[in-house]
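Asks: Return atomic coordinates for the entry below.
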Amino acid sequence: MKDTEYTFAVARIRANETHFIGKNEMEQLLLAPDLRAALQLLADQGWETQGALEDPNEMLREQAARMWSLLTEVAPDVGELSFLTAKNDFHNLKAALKSLVSDQSPEPYWMHPNSVPVKLIWEAVSNRSFSRLPTRMQQPGRLAYELLVRASDGQRADALLDRAALETAKGRAEETGSKFAIRLPHVRNFRFEDCTACRSHRAGRTLFAGCPLRMRNTAQICFDRGRWARCAGADAVSFRNRLCGVRARV
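Replies: Predicted coordinates:
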C-alpha cells in the first residue's frame, strides 16, 4: 500500500470511529432496559434506526453492509478479509439447501456480505453439483444435503455446517498470517459450542458425535466436549448449571 493510500485509509476509518461500538457502548447496550432504549443508544452513535423497532434485523443488515463497504474501500486486498464472511457463506449454503428441500425461493434468506456469490451456491445446490462450490464447502454441503433428504435431520445439518463455517474461517484466517485474524475464529468457537449444546438439549441427544468436521488446535479455549455432550440428556436445571459451570472455567 502506498503512503498516500495508507493515509487515506486511516483518515476514512477515523472519520467513522464515532459510529463504532466500543466497550463502553456495548456495556450500555447490555444494560438497556428495553429495545427502544437500546435503539436510542445506537442512534446516538449515528446508526440509522428508523423502522428498527419493528425489524431490528434489517437495521443490522444495513449497518453490516455499510461497514463492509467501508472495509472494501480502504483495504488493499479485500480477499484478505474473507475469513470474516465465512459465516455468511455457510449460512447461504444452509439457506440454499433448506430452500431446495422445502421447495421455496432462497432469496429472502441470503446474507451479505459474502465471499461466495449466492448465484453460484444456488446453482450448485439446485443441480446437486457440489463440486462447483469452493473446496471447503463441497463436502459439508454434500453431507448436509444427505442429512436433510435422507434423515430429515435439520438440527444435525445445522451443526455440521456451523462447524464447517468455523473450519473455513480458521483456514482463511491462517492464510492471512495475521495473529488477530487467526484468533477470531477461536473466539467464535465459544458461540458454536453454546449453540450445539442447546440443540443437543432440545433434541435430547448429542449432536457432536454426528458432525464429521472438528475444529482443530482449539484446545486452549475450546470447551470440554464430553461435558457438553452430557447436556443432551439433562433436564433444564442441570443443563443451565452445566452451562454456567463451563462458563466459569473459561
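
Asks: In which helix or strand does Lys87 reside?
Replies: Element membership of Lys87, judged by DSSP states H and E, is helix 86-102.

Asks: which residues of this structure score low on pLDDT?
Replies: 1-3, 185-250 (pLDDT under 70).

Asks: The helix holding Lys87 packs against which elements?
Replies: Helices and strands touching helix 86-102, by 3 or more Cβ pairs under 8 Å, 6 or more residues apart in numbering; DSSP states H and E, are helix 118-126, helix 135-150, helix 154-176. Heads up, the C-betas are built off the backbone N, CA and C, glycines and all.

Asks: The longest one to helix 86-102, inter-axis angle?
Replies: Between the axis of helix 154-176 and that of helix 86-102 there is an angle of 150 degrees, by axes from the mean of the first three to the mean of the last three Cα atoms, to 10 degrees.

Asks: most neighbours per residue, which of the helices and strands packed on helix 86-102?
Replies: For the helices and strands packed on helix 86-102, average neighbour numbers computed from mean count of other Cβ atoms under 10 Å are highest in helix 154-176, which has a mean of 21.

Asks: counting contacts, what elements does it pack onto?
Replies: In terms of contacts (3+ Cβ pairs under 8 Å, 6+ apart), helix 154-176 is packed against helix 86-102, helix 135-150, helix 179-203.

Asks: Just want the most central residue of this structure.
Replies: Closest to where the C-alpha atoms of the chain average out (Cα atoms, centre = their mean) is Lys87, at 3.7 Å.

Asks: What residues does the closest residue to that one other than its chain neighbours make contact with?
Replies: Closest residue to Lys87 apart from its sequence neighbours, by Cβ to Cβ, 6 or more residues apart in numbering: Ala165 at 5.2 Å. Contacts for Ala165 (Cβ atoms under 8 Å, 6 or more residues apart in numbering) come out as Ala86, Lys87, Asp89, Phe90, His91.

Asks: run the last query once more with 6 Å
Replies: By Cβ atoms under 6 Å, 6 or more residues apart in numbering, the contact set of Ala165 is Ala86, Lys87, Phe90.

Asks: So what's the residue count around Val101?
Replies: Using other Cβ atoms under 10 Å, Val101 has 15 neighbouring residues.

Asks: Contacts only, for the nearest residue to it once chain neighbours are set aside.
Replies: Leaving aside its chain neighbours, Val101 sits nearest to Leu148 (5.0 Å; criterion: Cβ to Cβ, 6+ apart). Residues near Leu148 by Cβ under 6 Å, 6+ apart: Leu97, Val101, Ala157.

Asks: okay if I get those residues as TSV plus distance to Ala38?
Replies: Converted to TSV, the contacts of Leu148 look like this (distance: Cβ to Cβ, whole Å):
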residue	distance to Ala38
Leu97	33
Val101	36
Ala157	33
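
Asks: can you tell me which of those lies nearest to Glu107?
Replies: Nearest to Glu107 among these: Leu97, at 14.7 Å, using Cβ to Cβ.

Asks: list the contacts for Gln45?
Replies: Neighbouring residues of Gln45 by Cβ under 6 Å, 6+ apart: His19.

Asks: again, 8 Å this time
Replies: Counting by Cβ under 8 Å, 6+ apart, Gln45 makes contact with Thr18, His19, Phe20, Ile21, Glu25.

Asks: nearest spatial neighbour of the second one, skipping sequence neighbours?
Replies: In space, His19 comes closest to Gly46 once its chain neighbours are excluded; the distance is 4.3 Å by Cβ to Cβ, 6+ apart.

Asks: mind checking the SS state of Pro113?
Replies: Using DSSP: H, G, I helix; E, B strand; the rest coil, the structure places Pro113 in coil.

Asks: thought it was touching Ala65?
Replies: Yes. Using Cβ atoms under 8 Å, Pro113 makes contact with Ala65 at a distance of 6.8 Å.

Asks: between the two, which one's more packed in?
Replies: Higher neighbour count among Pro113 and Ala65: Pro113, with 18 against 12, using other Cβ under 10 Å.
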